[in-house]
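Enquirer: Quick one, structure for this:
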Amino acid sequence: MSITRRQFLHRSAAASATVAFPMVASSRVLGANDEIRLAVIGLGVRGGAHIDGFGKLPGVRLAAICDPDRERIGTRAKQIEARHQYKPEQVADVRQLMDMKCFDAVSVATMQYWHALPTIWACQTGRDVYCEKPLAHFIWEGRQMVNAARKYDRLVQVGTQNRSNKGYVALAAWLKEGHLGKMRYATCFANKPRRSIGKRSEPLPIPETLDYELWCGSARKEPIYRDRIQYDCSFTWNMGDGESCNQGVHEIDIARWILGYNGLPRRTMSIGGRFVFDDAGDVPNTQILFYDYPEAPILYEVHNLPKNKECMTPEKWSTQPDFKGIRTGVCVQCEGGYTLGPVAYDNDGKKLQSFGPVEDHFADFIDAMRSGKREDLNAEILEGHISTSICHVGNISYRLGAAAPLADQRTQVGDTPYWREMFERYVSYLGDIGVDPDTSILGPWLDVDSENECVKDNPQANEIVRGFYREPFVVPEIPA
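Expert: Coordinates of the predicted model:
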């Protein structure tokens, strides 16, 4: 059941304040020199980056901060006061924040399962939004966020910062001019060290400073058997989306931007597993994905474990695999060469040209607010939605998969050269870390309906597309 924010506030015992706001508030008309008042929602590591990034911009005031953890609120409030000599409003409940009149825009730096509701509510009350990546926890809710931005005519920027790297704009134009010939495929990769999140026999105690009901939001409210509450929830499907979406949205966004794709792939599949760890996590820490586009496909690989068994010590844990000497990035392979980041090489590895410069992504959002023009946003919400959704469909394949013998994996991968090459590299890596490839999760091929943003003829997959919500934290349907 979908409910409006007004109904939500009435029904939730956590919202004790009297509801006294219009469903759609009139946004303040900003002049070129007017102060922009910002509310930061979510005060973890990314929230701190938002406070730093927005707080240093001329004409921006950090008017309010919001988090269900009172300890985080207190820490960030002191930080802001020490740096800027003013005190922000401090709010624990984001629903009560939306009643306040002291801010013009919000930055949403929560975990992704709490992105949709604050973004939609901010749009409904006449505020512009900067929302961290990945945009949404489910494909359907991402579309509701886009619809809210359109219906209420709000500016919404997504935190895919590479969109403010003008080097990629120049590189994409240069490639389309044919300097390296036809673009054949893109390999995206994330080799980021991650450690076990632990596996407790008794639930982790919830700190008194944390409103756990509110923190869980639409996700399942359940005992915690990992070692930390914050952030490590991203390694569970309940609240996170795995490395191939959490980090992967950056690389997928760059790849489809350069290749010129504006929709989902026609089909996808994934293979991987959560290897070595026996912990409370359930997202893969080693994974490969194939996104099948008609002209040039996009491939993705994840390595969260060290490069071999010998490096599985605390001192060497960060010794990761790489791709052409790079740990995380995008390689677009063309007939006459390839790219790594905003740099072009010939097929012998000789550097041909590099492209730049990089702009401030936070400043771009503020500049767009001052101009009032959606086209001034470098990472407008629709772009973030498409890139996030691509990552999601690949993970849905993994989530519907099961352990399969190596022979079955090879058969399903097929004979596409670059996809087979990535698969064999994956198998070789499992040997290096001492993992039996027969324990890999083999996801099915999924045929994707890009226009309707769902999976064809697969009700089980489309349950994940649609998402799961805990009352009363239900994302409302926003008509297009």
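
Enquirer: For Gly434, list the residues it contacts.
Expert: Lys309 (Cβ atoms under 8 Å, 6 or more residues apart in numbering). Every residue, glycine included, has its C-beta placed from N, CA and C.

Enquirer: is it fair to say it lies in a strand?
Expert: No - going by DSSP: H, G, I helix; E, B strand; the rest coil, the assignment for Gly434 is coil, not a strand.

Enquirer: how far away is it from Lys199?
Expert: Distance of Gly434 to Lys199, computed by Cβ to Cβ, to the nearest Å: 20 Å.

Enquirer: One more: Glu380?
Expert: Distance of Glu380 to Lys199, given as Cβ to Cβ: 41 Å.

Enquirer: between those two, who's got more neighbours?
Expert: Residue environment comparison for Glu380 versus Lys199 gives the larger neighbour count to Glu380, 19 against 13, counting by other Cβ atoms under 10 Å.

Enquirer: List the contacts of that one.
Expert: Under the criterion of Cβ under 8 Å, 6+ apart, the neighbours of Glu380 are Val156, Gln157, Val158, Arg374.

Enquirer: what about the residue nearest to the second one when sequence neighbours are not counted, helix or strand, and which?
Expert: Of all residues beyond its chain neighbours, the one nearest Gln157 is Phe365 (4.3 Å), with distances taken as Cβ to Cβ, 6 or more residues apart in numbering. With the criterion set as DSSP states H and E, the secondary-structure element containing Phe365 is helix 361-371.

Enquirer: Distance from that helix to the middle of the chain?
Expert: Centre-to-centre, helix 361-371 and its host chain are 21 Å apart (Cα atoms, centre = their mean, to the nearest Å).

Enquirer: do stretch 166-177 as well
Expert: 24 Å.

Enquirer: any idea how far Ile441 is from Lys456?
Expert: Between Ile441 and Lys456 the distance, using Cβ to Cβ, works out to 22 Å.

Enquirer: Look at these two and report which has more neighbours.
Expert: Neighbour tally, Ile441 and Lys456, criterion other Cβ under 10 Å: the higher count belongs to Ile441, 20 against 13.

Enquirer: Next up, the contacts around the residue nearest to that one when sequence neighbours are not counted.
Expert: Counting by Cβ to Cβ, 6+ apart, Ile441 lies nearest to Gly401, which is 4.3 Å off, once chain neighbours are set aside. With contacts defined as Cβ under 8 Å, 6+ apart, Gly401 is in contact with Ser270, Ile271, Ile441, Leu442, Gly443, Pro444.

Enquirer: Give me the neighbour count for the fifth one.
Expert: Counted with other Cβ under 10 Å, the burial measure for Gly443 works out to 25 neighbours.

Enquirer: Next: the last one.
Expert: Pro444: 19 surrounding residues under other Cβ under 10 Å.

Enquirer: List the contacts of it.
Expert: Neighbouring residues of Pro444 by Cβ under 8 Å, 6+ apart: Met269, Ser397, Leu400, Gly401.

Enquirer: if we go to 10 Å?
Expert: Shown here is Pro444, whose contacts under the criterion Cβ atoms under 10 Å, 6 or more residues apart in numbering are 268-270, 396-398, 400-402, 412, 455, 458, 460-461.

Enquirer: Reformat these into CSV and put secondary structure, distance to Glu35 and pLDDT next to each item.
Expert: Converted to CSV, the contacts of Pro444 look like this (DSSP: H, G, I helix; E, B strand; the rest coil; distance: Cβ to Cβ, whole Å; pLDDT from 0 to 100):
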residue, secondary structure, distance to Glu35, pLDDT
Thr268, strand, 46, 98
Met269, strand, 50, 98
Ser270, strand, 47, 98
Ile396, helix, 44, 99
Ser397, helix, 47, 98
Tyr398, helix, 46, 98
Leu400, coil, 50, 98
Gly401, coil, 51, 98
Ala402, strand, 56, 98
Gln412, helix, 57, 98
Val455, strand, 46, 98
Asn458, coil, 50, 98
Gln460, helix, 50, 98
Ala461, helix, 47, 98
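
Enquirer: Could you identify the helix or strand that succeeds the worst-scoring helix or strand of the chain on mean pLDDT?
Expert: None of the helices or strands of the chain scores lower by mean pLDDT, DSSP states H and E than helix 5-11, at a mean of 47. Using DSSP H and E, the helix or strand that follows helix 5-11 in sequence is strand 36-41.

Enquirer: okay but Val45 is in contact with Tyr231, surely?
Expert: Yes - in terms of Cβ atoms under 10 Å, Val45 counts as a neighbour of Tyr231; the distance is 7.2 Å.

Enquirer: the more surrounded of the two?
Expert: Tyr231 (14 against 11).

Enquirer: contacting residues for the closest residue to the more buried one other than its chain neighbours?
Expert: On the basis of Cβ to Cβ, 6+ apart, the spatially nearest residue to Tyr231 that is not a chain neighbour turns out to be Gly44, at 6.5 Å. Residues near Gly44 by Cβ under 10 Å, 6+ apart: Asp67, Asp69, Arg72, Arg76, Ala109, Thr110, Met111, Gln230, Tyr231.

Enquirer: count of residues packed around the fifth one?
Expert: The criterion is other Cβ under 10 Å. On that basis, Ala109 has 26 neighbouring residues.

Enquirer: Over to it: give its phi and psi.
Expert: Note on Ala109: its backbone torsions stand at phi -120, psi 30 [degrees, to the nearest 10].

Enquirer: which residues does it contact?
Expert: When contacts are counted by Cβ under 10 Å, 6+ apart, Ala109 is found next to 40-51, 66-67, 115, 118, 130-132, 159.

Enquirer: Give me the buried subset of the residues you listed.
Expert: 40-44, 46-51, 66-67, 115, 118, 130-132, 159 (16 or more other Cβ atoms under 10 Å).
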